[in-house]
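S.K.: generate coordinates for the sequence data below:
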Amino acid sequence: MFLMLQIIPGPLGNSDPVSRKSMTLFSITYGTIFIYLIIPGLKRLMHKYYLPPVLIAASIIPIAIINAKYKALLEAGSSINTLDDTMTVTILLLFPLITTAWQYSFPIVFLFFVVLGFMDPLIIILANESFTPEIYGAFNASLIRILALGAVGFMITMLRDQQRIERAALEEANRKLEEYALASERLAASRERNRIARELHDTLAHTLSGLAIQLEAAKTIVHGDNPKLVEMMDKARITIREGLSETRRALKALRASPLDDLGLSLALQRLAEDVASRDTIVVTTELIEENPDWSKNLEEGVYRIAQESLENIIRHAAASKAQLKLEGNRNSLKLTIIDNGRGFETETYHEEGRYGLRGMKERSMGLGGDLSISSRTGNGTTITFTWEAHHAGSD
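M.R.: Down below sits the predicted model:
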C-alpha cells in the first residue's frame with residue numbers, strides 16, 4: 001500500500017507535512033484492514049457482519065483523510081488540487097467498489113457511491129462555513145469519481161449477474177444429467193430384472209410344469225400296481241406344484257414395475273414411446289420433470305388410466321396423433337389424453353362394449369378423483385382425470 005501511494009499522482013506524492021501525514025494515515029488504515037482480513041476464524045465467527053466494517057472503513061476513511069487534508073491546506077492558505085485527489089480516492093475506492101458490486105445490486109452500489117461522492121463538498125462547506133471556489137472544484141471532482149466508479153460498478157454487477165446465470169444454468173444441467181443417469185441406471189436394472197424373470201419363466205417354470213404333467217401321466221400307469229409309489233408320486237406332485245407357485249410368485253416380484261423404477265413421469269414417457277413404436281400413431285408428451293409426493297396408489301391408478309386410454313386409441317380411434325399431458329403439484333394432479341381419431345358420442349360410452357371407459361371411470365372414483373370424457377364423432381376424444389388432495393380416500 002505504501003508503494004502504491006508513492007506512485008499515485010498529486011499531492012499525496014508531495015513532501016509537504018500535510019501530504020506526508022495523509023500518506024501515513026492511509027498506510028495505517030489499509031494496514032489495519034489487511035490485518036483484519038487475515039485474522040484466522042474471524043469470518044466464521046462474524047458471518048454476515050464480516051465484510052461491512054471493511055467496506056465502510058475502506059469507503060469513508062479515504063474521503064475523510066482527503067477532506068482533512070483540504071481543511072489543513074485551507075487553513076494554511078494553500079491551494080487545493082481536487083483533480084489529483086479525486087484520482088487518488090478513486091483508485092483507493094476500487095476495493096470497496098468491487099466488493100460491494102459483487103454482493104449487491106447496481107442501484108444500491110451506485111447510490112452508495114453517490115452519497116460518498118458528495119461528502120467532499122459537504123465537508124468543505126462545513127469546514128469553511130461558506131461557499132468558496134474550491135467547492136466547485138470539489139463538486140466537479142466528486143462528479144468525475146461518481147461517474148467513473150458507477151461505470152466500473154455497472155460492469156462488475158453485469159459480469160456478476162452473467163456469471164450467476166451461467167452458474168445456475170450449469171447447476172440445472174448437472175441436475176438433469178444426474179436425473180438422466182439415475183433414470184438410465186434404473187432402466188438398466190429394470191431391464192435386467194425382466195430378463196432374469198423371462199429366463200426363469202422359460203426354464204425353471206416350464207421345467208416344473210412339464211415335470212408335474214409327467215407325474216400325472218405316470219400316476220395313471222401305476223395306479224393299481226403299487227399304492228405306495230402312487231402316494232410318493234402324489235407327494236412329489238404336490239411339492240412340484242408348491243414349488244411352481246413359489247416360482248411364479250418370485251417371478252412376479254422380480255419383474256420390475258415401471259412406476260417403481262422410473263417414477264410416474266418417466267413411466268408415462270416410456271409408455272407413450274412403447275405405444276408409438278407399436279403403431280403408426282405419433283404420441284407427444286408434456287410431463288412435469290419431478291413427481292410431487294403423490295401416493296403409490298394414486299400414481300398406479302393414473303398410470304393405468306393412461307395405459308387404458310392409449311390402448312383404446314390404438315384399437316378403436318384410428319388416430320394419427322395423440323397427446324399425453326401430466327401436470328400438478330403435491331396437492332393436485334391433472335392427466336389429459338387427447339387424440340384426433342374418429343371419436344364417438346359420449347352418451348353411449350356406458351353401453352355394452354365400452355368396458356375400458358367404464359373401468360377408467362370406476363378407477364378414478366376409487367382414487368377420489370374425477371374423470372371427464374369429451375368426444376364427438378369425427379372430432380377426436382379428450383380424456384381428463386383430475387385429483388385434489390382434499391378428496392377423501394385419495395391416499
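S.K.: can you give me the strands for this structure?
M.R.: Remark: strands assigned in the chain by DSSP state E are 282-286, 321-329, 332-339, 370-375, 381-388.
S.K.: in the first one, what counts as buried?
M.R.: Burial within strand 282-286, assessed by neighbour count using 16 or more other Cβ atoms under 10 Å, is assigned to 283, 285. (C-beta placed from N, C-alpha, C; glycine too.)
S.K.: is it true that Trp294 touches Asn331?
M.R.: No - taking Cβ atoms under 8 Å as the definition, Trp294 is not a contact partner of Asn331, at 9.8 Å.
S.K.: those two: which has the busier surroundings?
M.R.: Trp294 (23 against 12; other Cβ atoms under 10 Å).
S.K.: quick check: pLDDT value at that one.
M.R.: Looking at Trp294, its pLDDT reads 88.
S.K.: ditto for Ser130
M.R.: Model confidence at Ser130 (pLDDT) stands at 58.
S.K.: domain ranges for this structure?
M.R.: 2-173, 192-254, 259-388 (automatic domain parsing).
S.K.: circling back: now the strands of the chain as JSON lines including mean pLDDT and distance to Asn174?
M.R.: Formatted as JSON lines, the strands of the chain follow (pLDDT from 0 to 100; distance: least, Cβ to Cβ, whole Å):
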{"stretch": "strand 282-286", "mean pLDDT": "93", "distance to Asn174": "24"}
{"stretch": "strand 321-329", "mean pLDDT": "93", "distance to Asn174": "24"}
{"stretch": "strand 332-339", "mean pLDDT": "94", "distance to Asn174": "28"}
{"stretch": "strand 370-375", "mean pLDDT": "91", "distance to Asn174": "39"}
{"stretch": "strand 381-388", "mean pLDDT": "94", "distance to Asn174": "33"}
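S.K.: export the ones you listed to TSV and append columns for distance to Glu179.
M.R.: Putting the strands of the chain into TSV (distance: least, Cβ to Cβ, whole Å) gives the following:
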stretch	distance to Glu179
strand 282-286	16
strand 321-329	16
strand 332-339	20
strand 370-375	30
strand 381-388	24
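S.K.: quick one: closest of the domains of the chain to Leu182.
M.R.: Closest to Leu182 of the domains of the chain, according to Cβ to Cβ: domain 259-388, at 9.8 Å.
S.K.: gap between that closest one and the chain center?
M.R.: 28 Å (Cα atoms, centre = their mean, to the nearest Å).
S.K.: that domain: end-to-end distance?
M.R.: 21 Å (Cα to Cα, to the nearest Å).
S.K.: mind listing the helices for the protein?
M.R.: 2-7, 17-38, 42-46, 51-75, 82-92, 94-103, 106-117, 119-128, 133-200, 206-221, 227-254, 258-278, 296-312, 355-366 (DSSP state H).
S.K.: now, of those helices, which is deepest in the fold?
M.R.: Comparing the helices of the chain by mean neighbour count (mean count of other Cβ atoms under 10 Å), helix 82-92 ranks first with a mean of 21.
S.K.: now distance to Ser184 too, for the domains of the chain, in JSON lines please.
M.R.: Formatted as JSON lines, the domains of the chain follow (distance: least, Cβ to Cβ, whole Å):
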{"stretch": "domain 2-173", "distance to Ser184": "16"}
{"stretch": "domain 192-254", "distance to Ser184": "13"}
{"stretch": "domain 259-388", "distance to Ser184": "10"}
